[in-house]
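Enquirer: model this:
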Amino acid sequence: MARGKVKGLQTMKAYTIFYDHPDHPGMYVMVVNLVGAGKVQVISEPLTFKSLNEARRAIPDPNVVRFPRDPSDDKTVVETWL
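Expert: Numbering: from 1, shown residues only. Prediction:
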């Protein structure tokens, strides 16, 4: 699993996939964040894809686990991989 440090804190990468985001209507979008200790730092520009499978194949870490959209998430969130 991808891990790193942000200002001395233990972190991990989170790959969040969105669909039909206002900035990219009709497309799947993936954003990579570093998360840890209540902090989230965006570390990638949005990557766009035509299909969910294409977005999933772009995740470089084979050891991540899929988390489906939580009801409290933005309605454009499809899933997050940690």
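Enquirer: what comes up buried for stretch 40-51?
Expert: For stretch 40-51, the neighbour count (16 or more other Cβ atoms under 10 Å) marks Leu47, Thr48, Phe49 as buried. Yep, even glycine has a C-beta here, placed from its N, CA and C like the rest.
Enquirer: what's Lys75 in contact with, if anything?
Expert: Residues counted as contacts of Lys75 (Cβ atoms under 8 Å, 6 or more residues apart in numbering): none.
Enquirer: Which residues lie in contact with Val35 in this structure?
Expert: Thr11, Met12, Lys13, Ala14, Gln41, Leu82.
Enquirer: sorry, back to before: please produce TSV containing the buried residues of stretch 40-51, extended by pLDDT and distance to Tyr19.
Expert: Shown next, in TSV, are the buried residues of stretch 40-51 (pLDDT from 0 to 100; distance: Cβ to Cβ, whole Å):
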residue	pLDDT	distance to Tyr19
Leu47	96	13
Thr48	97	11
Phe49	98	10
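Enquirer: So among the contacts of Val35, which ones count as buried?
Expert: Among these, the ones that count as buried by 16+ other Cβ under 10 Å are Thr11, Lys13, Ala14, Leu82.
Enquirer: Can you list the strands that the strand or helix carrying the third one pairs with?
Expert: What it means is Ala14. Following DSSP states H and E, one finds Ala14 within strand 9-21. Paired neighbours of strand 9-21 in the sheet (DSSP bridges): strand 3-6 (antiparallel), strand 24-36 (antiparallel), strand 77-81 (antiparallel).
Enquirer: out of those strands, deepest packed?
Expert: Mean neighbours per residue, mean count of other Cβ atoms under 10 Å, is largest over those for strand 77-81, with a mean of 19.
Enquirer: what's it in contact with?
Expert: By Cβ under 8 Å, 6+ apart, strand 77-81 touches 14-19, 28, 52, 59, 61, 64-70.
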